[in-house]
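In: Below are the sequence and a predicted model; questions follow.
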Amino acid sequence: MSGRALFVAALLLAAAGCGPGAEGPRRTLVVFAASSLTEAFSDLEHRFEAAHPGVDVVPSFAGSQVLRLQIEQGAPADVYASADPAHMEALAAAGLVHEARTFARNRLVVVVPVANPAGIERFEALPRARRLVVGTAEVPVGRYTRALLEDAAVRFGRAFADSVRAAVVSEETNVRLVLAKVVLGEADAAFVYATDAAASGAVRIVPVPEGLGPRAEYRIATVTGSAQPDLARAFRALLDSDEGRRVLSAHGFEPR
């Protein structure tokens with residue numbers, strides 16, 4: 001083959017991505033995850049990409065109910081991680097996800113502004129709040145909050161719980177929006193996950209008494225029809241690994 005022919009062949013190979021040193025096609029893994037998983041899954045994203053050259057992890061964080069709706073409407077995703085088993089169970093019943101399992105737990109705390117204008121130093125003082133923010137009944141943090149207040153009514157009396165409920169001035173569609181109201185000084189107190197409160201650094205944390213309210217349960221599954229089922233399994237396996245469990249623990253979760 002002449003020198004000119006070799007040169008033309010090399011150009012054609014390079015254009016096709018097959019020349020010396022050319023990378024193969026990149027693969028994308030789309031991960032739908034509850035907003036409370038933002039920091040932990042962003043950390044896992046970088047670790048997964050480092051261990052899988054040529055793979056781009058594309059996370060989408062929102063309320064679990066919003067992500068469920070998007071999957072029901074056909075949005076392309078490979079992995080779904082929910083903060084509420086109810087949303088995962090609904091998708092599984094519809095055949096839209098499979099191999100669902102619990103991978104972590106979380107708990108609720110009360111957060112107040114750093115200045116703490118209502119003087120809420122402990123949970124029992126929560127009725128002092130005049131502006132309380134919670135999640136909507138459809139979002140996991142809101143459902144857990146309502147269950148916690150039912151427990152509080154038994155332990156501290158119905159008047160306590162009714163007073164707290166009467167102070168609600170806003171209901172938000174994900175835990176990050178709930179937290180933001182306190183950070184911005186637009187609320188005296190709010191119920192959020194312990195992990196979000198710890199990650200903020202811009203609020204004061206008031207612990208919830210032990211045994212009050214349920215633990216938040218996080219489940220993960222592969223989305224049926226995933227374009228990358230092998231990568232979806234590998235990402236889920238990372239959560240089971242010692243490394244994945246360390247990451248979850250470092251961000252305040254209780255790994256399973």
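Out: Thanks, I have the structure now. As the structure is a prediction and not an experimental result, all values here were calculated from the model. Numbering: from 1, shown residues only.

In: quick one: contacts for residue 107?
Out: Contact analysis of residue 107 by CB atoms under 8 Å, 6 or more residues apart in numbering lists 193, 194, 208, 213, 215, 216, 254. C-betas here are computed from N, CA, C, even on glycine.

In: now, among these, which is nearest to residue 143?
Out: Nearest to residue 143 out of the contacts of residue 107 is residue 216 (CB to CB; 9.3 Å).

In: Tell me how far stretch 209-219 lies from the chain's centre.
Out: 16 Å (CA atoms, centre = their mean, to the nearest Å).

In: can you tell me the distance between the two ends of it?
Out: End-to-end distance for stretch 209-219: 25 Å, by CA to CA, to the nearest Å.

In: Flag every buried residue along that stretch.
Out: For stretch 209-219, a neighbour-count test (16 or more other CB atoms under 10 Å) marks 212, 213, 216, 217, 218, 219 as buried.

In: And those residues, which is the shakiest by pLDDT?
Out: Note: of those, the lowest pLDDT belongs to residue 213, at 90.

In: Quick check: the gap between that residue and residue 58.
Out: 34 Å (CB to CB, to the nearest Å).

In: for the chain, what spans make up the helices?
Out: Assigned by DSSP state H, the chain shows helices spanning 3-15, 38-51, 64-72, 85-93, 140-156, 158-166, 175-183, 194-200, 229-240, 242-250.

In: residue ranges with poor pLDDT in the chain?
Out: 1-24 (pLDDT under 70).

In: how near is the closest residue to residue 212 other than its chain neighbours to residue 208?
Out: Take residue 212 and drop its neighbours on the chain: the residue closest to it by CB to CB, 6 or more residues apart in numbering is residue 151, 4.9 Å away. From residue 151 over to residue 208 the distance is 9 Å, taken as CB to CB.
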